[in-house]
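**Student:** need a structure here:
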Amino acid sequence: MEQAELQAILDHDERHWWYRGRLRIVTQEVERLGLEPGARILDAGCGSGSVLDRLASFGEVAGVDVSPMAVQAARARGHDEVLEAAVEGLPFPDASFDLVTCLDVIEHTPDDVATLRELRRVTRPGGHLLLTVPAYQALWSRHDEVNGHHRRYVRSDMWTLAEQTGLVLERDTHFNSLLLPIAAVVRLAGRLRPRPPKTHRGTRSNLSLTPRVLNPVLELPLRFEAALLRHGRDLPAGLSVAATFFRPVESGVASAEQAPPLAQVRQLTSGSSRPS
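**Tutor:** Numbers count the residues shown, from 1 in each chain. Predicted coordinates:
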């Protein structure tokens with residue numbers, strides 16, 4: 001990801017309509033899971049830590065991010081259990097977490113199957129993994145290049161990933177559906193414009209294109225979608241895909257009771273990150 005884009009994400013993810021709307025979608029899905037009190041939760045690719053703020057109401061939270069800048073931002077919010085690490089190589093023992101969230105991250109990794117297997121490893125048997133990813137390769141644009149994406153997805157890809165990683169797909173749905181036609185027109189029209197030389201391209205993020213005053217208005221469709229999802233409806237199309245997997249219980253694998261408590265995880269990982 002380009003450094004300017006990362007800084008834009010850290011600057012906007014708490015108030016931008018898309019991040020706020022996605023958090024609403026994620027929150028209602030976590031509520032549906034009915035986690036036990038004191039559940040151990042990992043946000044893999046946690047960015048600034050704004051999602052951890054919300055997840056903390058469901059249990060004990062930890063986070064990782066490959067960016068030192070993001071780790072510093074998350075720790076500044078009070079999330080001391082955030083480590084600098086790639087999601088492809090998580091610094092935690094097997095079966096450490098009851099829930100792992102990984103929001104718009106695996107598209108950044110060269111091998112998403114290997115990444116999902118690593119996320120599965122740290123999820124306890126019987127625990128859940130919640131993903132969000134961008135949808136439709138046909139909508140590939142300069143936005144994907146700036147963000148360091150390797151691919152976009154369709155819902156059937158979630159079934160394929162589950163089969164390849166030993167996870168069980170519990171639920172999948174699109175979201176950000178109502179704004180899909182507008183976004184599709186904008187992105188496809190952008191292909192018709194001549195691309196300037198790389199040295200002359202602007203560094204202004206797409207996140208900066210929305211006037212702040214419009215954020216509440218643009219968030220309204222996602223509020224409506226979250227309400228539909230809360231009542232068991234799935235959305236057949238949208239700019240993003242959300243998927244909830246669970247790790248089946250297998251003989252000879254640590255159970256929920258045998259998984260290490262988060263305090264033990266802290267001790268095991270205390271020396272694994274760079275000081276911020």
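
**Student:** Bridge partners for the residue nearest to Trp159 when sequence neighbours are not counted, pull those for me.
**Tutor:** For Trp159, ignoring the flanking residues on the chain, the nearest one in space by C-beta to C-beta, 6 or more residues apart in numbering is Leu169 at 5.8 Å. For the C-beta atoms, the positions are set from N, CA and C on the backbone; glycine is no exception. Beta-bridge partners for Leu169, by DSSP bridges, are Phe245.

**Student:** Now do Leu169 against Glu88, distance only.
**Tutor:** Distance, Leu169 to Glu88, by C-beta to C-beta, to the nearest Å: 21 Å.

**Student:** ditto for Leu55
**Tutor:** For Leu55, the distance to Glu88 equals 22 Å [C-beta to C-beta].

**Student:** And Met158, by the same measure?
**Tutor:** As judged by C-beta to C-beta, Met158 and Glu88 stand 19 Å apart.

**Student:** The two - which one has more neighbours?
**Tutor:** With neighbours defined as other C-beta atoms under 10 Å, Met158 and Glu88 compare such that Met158 has more, 22 against 18.

**Student:** what residues are up against that one?
**Tutor:** By C-beta atoms under 8 Å, 6 or more residues apart in numbering, the contact set of Met158 is 131, 169, 172, 241, 243.

**Student:** residues contacting His108?
**Tutor:** 1, 45, 147-150.

**Student:** Any chance of those residues in CSV with pLDDT as columns?
**Tutor:** Formatted as CSV, the contacts of His108 follow (pLDDT from 0 to 100):
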residue, pLDDT
Met1, 53
Gly45, 96
Asn147, 84
Gly148, 89
His149, 94
His150, 96
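
**Student:** In those residues, find the pair that's most separated.
**Tutor:** Across these, the longest distance by C-beta to C-beta is 14.1 Å; it joins Gly45 and His150.

**Student:** neighbour count winner among those two?
**Tutor:** Between Gly45 and His150, counted using other C-beta under 10 Å, Gly45 has the larger neighbour count: 23 against 12.

**Student:** Sweet, I'm off.
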